[in-house]
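J.: Pasted the sequence and its predicted model underneath.
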Amino acid sequence: MAGVQNNGFNPNFVVNVNKGAKPQRPEAAKAEEHAVKQPEVRPQERPQVSANDVLSFMANSSIYTTIATTKQINPAKYVSADQKVEIAKSMESFESKFEEYFNSIVDEVPGIGEAAAMTLAAKMVEDEI
């Protein structure tokens with residue numbers, strides 16, 4: 001029997017034949033796990049500021065008061081007359097397909113939001129192209 005005792009077998013290890021079951025741990029490890037508790041973490045105390053003060057600060061902040069400048073683009077510099085006609089035809093085709101898909105989605109899925117229906121219709125047109 002001496003050979004059986006010195007084979008390195010761990011007596012605390014339990015073989016569980018249930019599928020998906022976790023191996024059991026000794027009770028001492030479970031008790032230690034429950035004994036360790038994390039201390040409560042409290043946020044730092046800060047003085048309360050009224051919402052009106054925050055909004056007035058944001059309104060007077062230079063980040064929000066700067067006006068973005070826009071650059072005027074003249075499409076005639078980049079698009080020829082033939083290309084303009086082709087783009088107009090393409091857009092008419094897109095809009096008619098989009099409207100057809102949008103209406104069918106709204107009819108088939110009652111209660112769907114307008115934004116969701118538009119997204120689906122645009123995706124359907126994109127997949128078709």
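T.: Looks like it arrived, so ask away. Numbering: from 1, shown residues only.
J.: show me the contacts for V109.
T.: A117 (Cβ atoms under 8 Å, 6 or more residues apart in numbering). In short, each C-beta sits where N, CA and C put it, glycine included.
J.: residues near V125, how many?
T.: Residues near V125, counting by other Cβ atoms under 10 Å, number 19.
J.: helix or strand for it, which one?
T.: helix 114-128 (DSSP states H and E).
J.: repeat for Y101
T.: Residue-wise, Y101 maps onto helix 81-108 under DSSP H and E.
J.: Remind me what that helix packs against, helices and strands.
T.: With contacts taken as 3 or more Cβ pairs under 8 Å, 6 or more residues apart in numbering; DSSP states H and E, helix 81-108 sits against helix 114-128.
J.: Would you mind giving the orientation angle of the helix it packs on with respect to helix 81-108?
T.: 120 degrees (axes from the mean of the first three to the mean of the last three Cα atoms, to 10 degrees).
J.: So what does P47 have for phi and psi?
T.: phi -70, psi 140 (degrees, to the nearest 10).
J.: what number of residues lie near it?
T.: Neighbour tally, P47, other Cβ under 10 Å: 4.
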